[in-house]
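> Please find the sequence and the predicted model below.
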Amino acid sequence: MPVSSPPFPARLREMLKDYPDHIADLQRLIASFAEKPKPWSRYEELIWALEDSASSFFQDAGAELKVAKESGDVGLILKADAKEKQMGRIVLQKPWLGDAEFRDYFRCKALLE
């Protein structure tokens, strides 16, 4: 019986609800690890890749905030500031780590191999 596609960590999805492009990027990343041979042995690599992606999102948000400040557009500044703060929370909290369904998916795949 084939295992379904990997679940997306629920708390991470909630934290990224206003950034669907980031969710899509991370879904592709997670799926790419699930498709590799012995995905459980690569689980730690996946965690590192998620951390790297979150850091990139944070850096990109900081660059967006800088551009917004230079524009002087108050609405744009507030939006970019909120995004940078949210990406910073994701970097610090690593919401994928506490997701049992996410972790167990990779464990289950290992048992089926």
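Arrived safely.

> Poorly predicted segments of the chain, please.
Residues of the chain meeting the criterion pLDDT under 70: 1-3, 39-40, 110-113.

> Now Lys69. Its backbone dihedrals?
Main-chain torsions, Lys69, degrees, to the nearest 10: phi -60, psi -40.

> How about it, nearest residue that isn't a chain neighbour?
Of all residues not flanking Lys69 in the chain, Ile77 sits nearest, at 5.8 Å (Cβ to Cβ, 6 or more residues apart in numbering). For every residue, glycine as well, the C-beta is placed using N, CA and C.

> Which stretches in this structure count as helices?
Ranges of helices in the chain, per DSSP state H, are 10-15, 20-34, 43-71, 74-93, 100-112.

> Packing partners of the shortest one?
The reference is to helix 10-15. Contacts defined by 3 or more Cβ pairs under 8 Å, 6 or more residues apart in numbering; DSSP states H and E place helix 10-15 against helix 74-93.

> how far off helix 43-71 does the helix it packs on point, in degrees?
Angle of helix 74-93 versus helix 43-71, following axes from the mean of the first three to the mean of the last three Cα atoms, to 10 degrees, is 160 degrees.

> what packs against helix 74-93?
If contacts are counted by 3+ Cβ pairs under 8 Å, 6+ apart, helix 74-93 sits against helix 10-15, helix 43-71.

> just to revisit the earlier point, with Ser4 as the reference, name the closest of the helices of the chain.
Closest to Ser4 of those is helix 100-112 (Cβ to Cβ; 8.3 Å).

> Alpha carbons only: can I get the closest one in CSV?
Presented in CSV, the C-alpha positions along helix 100-112 are these (Å, rounded to 0.1, in the frame of the first residue of the first chain):
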residue,chain,number,x,y,z
ALA,A,100,4.5,14.4,15.1
GLU,A,101,2.5,13.7,12.0
PHE,A,102,5.3,15.2,9.8
ARG,A,103,8.0,13.2,11.6
ASP,A,104,6.0,10.0,11.7
TYR,A,105,5.4,10.1,8.0
PHE,A,106,9.1,9.7,7.4
ARG,A,107,9.4,7.0,10.0
CYS,A,108,6.6,5.1,8.4
LYS,A,109,8.1,5.3,5.0
ALA,A,110,11.3,3.8,6.4
LEU,A,111,9.3,0.9,7.8
LEU,A,112,7.7,0.2,4.5
